[in-house]
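> Below is the structure, and that's it, no one-letter string:
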């Protein structure tokens, strides 16, 4: 009887140890929150975080719900939807760096759904 309980307990432990949150898959970034942002109708020059080095690619101009404007290099899953000249209201998952180097690593954005397109 004790042998059976030991086997069952071992199996249960093995099953639960392998579980992780879907949002925390990346080792360097962790899930912070899901939020609504506006993506403006134009792109602007993007500078790498913590430097004055300009990327050859332009970045999305976003406005968060606190009305802070910033330029982000990429929004995962949004490139195929975006058309310059249209403003978008979208829901995104925001990931922050696991380690404290905010001037070297930016937040990552992952597209969840489209609310409106103007």
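Sure, I can see it. This is a predicted model, so every value here is computed, not measured.
> where are the low-confidence patches of this protein?
1, 3-27, 100-105 (pLDDT under 70).
> So residue 84 is in contact with residue 41, correct?
Yes - with contact defined as C-beta atoms under 8 Å, residue 84 counts as touching residue 41 (6.7 Å). For every residue, glycine as well, the C-beta is placed using N, CA and C.
> Compare neighbour counts for these two and give me the winner.
Using other C-beta atoms under 10 Å as the criterion, residue 84 and residue 41 rank with residue 41 on top: 14 against 9.
> That one contacts residue 85, correct?
Yes - Residue 41 lies in contact with residue 85 (C-beta under 8 Å); the separation is 5.4 Å.
> After the longest strand seen in the chain, which helix or strand is next?
In the chain, with assignment by DSSP state E, the single longest strand is strand 29-47. Sequence-wise, the next helix or strand downstream of strand 29-47 (DSSP states H and E) is strand 54-63.
> Please list the residues outside that next one that contact it.
With contact meaning C-beta atoms under 8 Å, 6 or more residues apart in numbering, strand 54-63 is reached by 37-40, 42-48, 69-75, 78, 82, 109.
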